[in-house]
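Sequence first, then the predicted structure:
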Amino acid sequence: MPAGFPRGREERSFAEKAGRDARAPRDTMKKPAKVINVRERAEGESSFAKDIFAPLAGMRLTMNRMVDNLTGKVNATIRYPEERRAYSDRFRGAHILTAREDGSPRCVACYMCATACPADCIYIEPAEHPDPLIEKYPARFDIDMLRCVFCGFCVDACPEEAIIMSRETEICAYTREETMWDIKRLMSRPELPEFGLGYRPNENLVDSTVKFTPKHKEKRKLAGRVTLKEDVEMIPHVTFDPTKD
Amino acid sequence: MPKFTLNGQEIEAKAGQTIIQAAEDHGVEIPHYCYHPDLPIDGNCRMCLVDVEKMPKLTPACTTLVNEGMVVRSENERVKQAVRGVLEFLLINHPVDCPVCDQAGECRLQDYYMVYGLHTSEISLGMKVRKRKVIDLGPMVVLDQERCVLCSRCIRFFDHVTETGEMQFFGRGDHVAIGTFQDRPLDNPYSGNVVDICPVGALTSRDFRFKCRVWFLHATDSICGGCSTGCAVRIDHRDGAIFRMIPRRNPEVNRSWLCDEGRLSFHELNKTERISRPLMKGRDGVQAPVTWEEAVRSIDARLKEIRAANGAGSILGFASPSATNEGLFLFKRYVGDQLGATQFDFRVDSEDKNVLEEEDQILRHFDKHPNSIGAIKLGLMSKELGGIDGAIEAARAGQIKAGVVIYFPPLVRRPCDEEVEGRVFELIDVLEYSVVLAAHKSEWQTAASVVLPVTPWSEEEGTYTNFEGRVQFAGKAIDAGGDALAVWEAFAMLLHASGAESPWMSAEDVFATLTEHVPAYREVTLDKTRLPGVIVG
């Protein structure tokens, strides 16, 4: 664009939008002219009385908060598992492999997630898909949930929106084998209505019209679970059997 | 030798070179699709356009001969815009197949787009011209017509290299598609090369399809172990498994080509089980696993006993023309110099006659061993014996009592191979005491007194001497499993057990000693054996 052409809202810098010249220093940054002897100033400002009574102001704050805690006015603890914290919309919990309309996985085994994964916990075995327009699908897709660091790089890397994350955090098992999730486990998610969808690339993939973003103080008082009805309807409970493709 | 200026740098080109060739020689990469150093020049892709001073339009570097005093610019704004324009046109109808396309990571569309393009596409997916996908063109090649950028490299390959003319353009304009007539399969023995020269994922390898993403693979420069031509290859491997072989360009041996048999030859290594530990026949006649030290001491002692009882002429050294020069050199040193044997051979099937006989005019030879000439030059062919049949007769007659046999079955199988192995079985059976060095398990080894596991092709570095006497270095791609050692290591241990000097720590050391002692290899250093190799006397 030629210089001087009026630029749109997105292209002006923050300082320009704020209406000031960012290069001029603000008044608060100007230092006073005289030299201050910091020891003398400190000695002049303190006194014995101040030394006794100043901590009392701090103590008053502490006592107030203690009384609040004792009386139950302020309560940081929630009664888990009956009450749960509400996680944000983009929370990175357990992974989900999304499905096409016919129930087969959207994944085309391109290995972007396996390459991006910093923990090397994704193992994929590709296979030839009979439809030449799809061409490739994962015969095996294993995630080692114990090695996974839940960084979400796999979701970032996926070009097909095939892998997303939910807000499910309760991944426990009695044996190590149960923590190696295969494609069936990753696709069928009966816990989804309880926890809801989390980190996913495109909001339009799951059309949740109600966005639940609890305010800061409400988070602590929240009881009960977060259930989004829209989430339940959009991701069907599919079980994918690669042998029956 | 015309001198010209390329991007401000004065360059001297060879007579008759085009700009792109001269630039390549001096390390300047000019983007191109249709140009290939071993195919006739076409000039249809328009990617190599460069700015030559005093020429009104940009000119393709692949068709323009270098003239004295030319001033060529390949990196100015005009050229970059032209390249970006060509890329835009190519990407209009190119399918968004990168997640499923095998070429991802080594695709020249991807690479040039990241350097020159980075434009946003103004074509939506629904507007793109659709063509046919996943067409089988024979057992080696899969065609995807949508991905083709119409560079015609494959057409020129089949027209000029194999002279079979199997591929051609069909249709006009937007709908031009590459293919064979009526989708007939490509049934010539060089069809795999077309996968290498295709710059995009239109022609992909059926053998390598979906096996591994290319950025996970490590590459090792090596020489094909399939026949005595000794084509330069690059072995792509990961985690101890070989995934594919790609030809390297050696203008003096194989240009840029590799035959299909050689391309698939690495599969042979995984077809049978490997010997994991040295086996020695005990008093009860049953082979039991032992350590290398025990085996080596026992072998040396026993062979010396036999020599003392029957003379050095009773020991046979039967080498393999598939072993490296290093392995064969130390084999000769131990069996010949140390033990004093005079009977040597390596011919299981008339390799000495076949080694020069060409199977076809392009690359292949009938001798399916990479190092027959190497064995001959190291003195491993006694005229008196006349191959394995002669050895068997001499053993039956009682003239030969013991033998040290190295045997690697050929990587390119032929129908006569079973019969050939049968002869090896006979030889081992007839010998009173036999030491066998092999990589893969086979029934004929049960008759041997000692079996030592050694590494075959690709598991140890070494040099091979091809049919014309060219020594070429082959790198080590994967690790040997189990207790297997390289052939040279096995004989270094035997020499040590025998009391001789054994100072070598690597194949390179052995090669250095080889060049000192074998007259034909004098003055050859390991560096000279890298591409394109050096012909020895």
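The structure has been received and is ready for your questions. Residues are numbered from 1 along each chain as shown, chains lettered A, B, ... in the order given.

Give me the nearest residue to residue B:481, chain neighbours excluded.
Of all residues not flanking residue B:481 in the chain, residue B:274 sits nearest, at 6.0 Å (C-beta to C-beta, 6 or more residues apart in numbering or on different chains). (Glycine included, C-beta is placed from N, CA and C.)

Repeat that for residue B:414.
If the residues on either side of it in the chain are set aside, residue B:414 comes closest to residue B:368, at 6.7 Å by C-beta to C-beta, 6+ apart.

and that neighbour, that's in a strand?
No: Residue B:368: not assigned to a strand; according to DSSP: H, G, I helix; E, B strand; the rest coil it is coil.

May I have the residues that are in contact with it?
By C-beta atoms under 8 Å, 6 or more residues apart in numbering or on different chains, the contact list for residue B:368 reads B:226, B:227, B:228, B:410, B:411, B:412, B:414.

What of residue B:445?
Residue B:445 makes contacts with B:275, B:279, B:428, B:436, B:438, B:451, as judged by C-beta under 8 Å, 6+ apart.

one more time with 7 Å, if that's ok
Shown in contact with residue B:445 (C-beta atoms under 7 Å, 6 or more residues apart in numbering or on different chains): B:436, B:438, B:451.

circling back to that earlier point, and the residue nearest to residue B:414, how far is that from residue B:523?
For residue B:368, the distance to residue B:523 equals 30 Å [C-beta to C-beta, to the nearest Å].

what's the burial count for the closest residue to residue B:302 other than its chain neighbours?
Leaving out its chain neighbours, the residue that sits closest to residue B:302 by C-beta to C-beta, 6+ apart is residue B:433, at 6.0 Å. Using other C-beta atoms under 10 Å in any protein chain shown, residue B:433 has 19 neighbouring residues.

Give me the pLDDT value at residue B:219.
The model reports residue B:219 with a pLDDT of 95.

and it, helix, strand or coil?
Residue B:219 - assigned by three-state DSSP - is strand.

what pairs with the nearest residue to it once chain neighbours are set aside across the strands?
The shortest distance from residue B:219 to any non-neighbouring residue, by C-beta to C-beta, 6+ apart, is to residue B:234 (5.0 Å). For residue B:234, the beta-bridge partners are residue B:221, residue B:246 (DSSP bridges).

Just confirm residue B:234 contacts residue B:221, I think it does.
Yes: at 5.9 Å, residue B:234 counts as touching residue B:221 under the criterion of C-beta atoms under 7 Å.

okay, and the common contacts of those two?
By C-beta under 7 Å, 6+ apart, the residues touching both residue B:234 and residue B:221 are residue B:248.

Quick one: list the elements packing against whatever helix or strand residue A:185 lives in.
Secondary structure assigned from DSSP states H and E places residue A:185 in helix A:183-187. Helix A:183-187 sits against strand A:95-97, strand A:136-144, with contacts defined as 3 or more C-beta pairs under 7 Å, 6 or more residues apart in numbering or on different chains; DSSP states H and E.

pLDDT of the first one, averaged?
Same thing as strand A:95-97. Averaging pLDDT along strand A:95-97 gives 90.

So which residues make contact with the helix or strand bottoming out on mean pLDDT in chain B?
Lowest on mean pLDDT, DSSP states H and E among the helices and strands of chain B sits helix B:351-354, with a mean of 74. Under the contact criterion C-beta under 7 Å, 6+ apart, helix B:351-354 has outside partners B:321, B:365, B:366, B:367, B:369, B:372, B:376, B:381.

Make a PyMOL selection of whichever of those turn out to be buried.
Selection of buried members from the contacts of helix B:351-354 for PyMOL, criterion 16 or more other C-beta atoms under 10 Å in any protein chain shown:
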select buried, chain B and resi 321+365+366+367+369+372+376+381
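
so, if you compare the contacts of helix B:351-354, which one comes nearest to residue B:336?
Proximity of the contacts of helix B:351-354 to residue B:336 was ranked by C-beta to C-beta; the top entry is residue B:381 with 12.5 Å.

wouldn't that closest one be in contact with residue B:345 here?
Yes: with contact defined as C-beta under 7 Å, residue B:381 reaches residue B:345; the gap is 6.1 Å.

Go through the contacts of residue B:445 and say which is closest to chain A.
residue B:438 (32.8 Å; C-beta to the nearest C-beta).

Show me which residues of chain B sit near chain A.
B:99, B:100, B:133, B:134, B:210, B:213, B:215 (C-beta under 7 Å from any C-beta of the partner chain).

For ChimeraX, write the selection for the buried entries among those residues.
This is how ChimeraX selects the buried members of those, with burial counted by 16+ other C-beta under 10 Å:
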select /B:99,100,133,134,210,213
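
And the strands in chain A?
Taking DSSP state E as the test, the strands found in chain A are A:95-97, A:122-128, A:136-144, A:163-165, A:180-181.

Check which helices and strands the shortest one sits against.
This means strand A:180-181. So strand A:180-181, by 3+ C-beta pairs under 7 Å, 6+ apart, packs with strand A:136-144.

does the strand it packs on come close to chain B?
Yes: judged by C-beta under 7 Å from any C-beta, strand A:136-144 and chain B are in contact via residue A:136.

Taking their axis directions, that strand and strand A:122-128 sit at what angle?
For strand A:136-144 against strand A:122-128, the angle by axes from the mean of the first three to the mean of the last three C-alpha atoms, to 10 degrees is 160 degrees.

what about stretch B:211-226, how long is it end to end?
Its first and final residues considered, stretch B:211-226 spans 22 Å by C-alpha to C-alpha, to the nearest Å.

follow-up on the earlier one: for the helices and strands packed on helix A:183-187, which one ends up most surrounded?
strand A:95-97 (a mean of 24; mean count of other C-beta atoms under 10 Å in any protein chain shown).

Hmm, residue B:407 is touching residue B:322, no?
No: between residue B:407 and residue B:322 no contact is recorded; they are 8.5 Å apart, counting by C-beta under 7 Å.

quick one: which of the two has more around it?
Taking neighbours as other C-beta under 10 Å, residue B:407 and residue B:322 compare with residue B:322 leading, 28 against 25.

Need the three-state assignment for the closest residue in space to residue B:534 that isn't next to it in sequence.
Nearest non-adjacent residue to residue B:534, counting by C-beta to C-beta, 6+ apart: residue B:528, 4.4 Å away. Secondary structure, three-state DSSP: residue B:528 is helix.

How many residues are close by residue B:528?
By the measure other C-beta under 10 Å, the count of residues near residue B:528 is 15.

Just want the residue of chain B that's nearest chain A.
Closest point on chain B to chain A, by C-beta to the nearest C-beta, is residue B:99, at 3.3 Å.

Which of the three states applies to that residue?
Under three-state DSSP, residue B:99 falls in the coil class.

State the phi and psi torsions of it.
For residue B:99, the backbone dihedrals (degrees, to the nearest 10) come out as phi -60, psi -30.

Now for the residue nearest to residue B:481: which residues touch it?
With contact set as C-beta under 7 Å, 6+ apart, residue B:274 has these partners: B:439, B:440, B:441, B:453, B:481, B:482.

Report the separation between the third one and residue B:298.
As judged by C-beta to C-beta, residue B:441 and residue B:298 stand 21 Å apart.

Please apply the same query to residue A:126.
The value you get for residue A:126 to residue B:298, if C-beta to C-beta is used, is 49 Å.

Who has more neighbours out of these two?
Using other C-beta under 10 Å as the criterion, residue A:126 and residue B:298 rank with residue A:126 on top: 23 against 17.

beta partners for that one?
Applying DSSP bridges to residue A:126 yields these beta-bridge partners: residue A:138.

Good, we can wrap up now.
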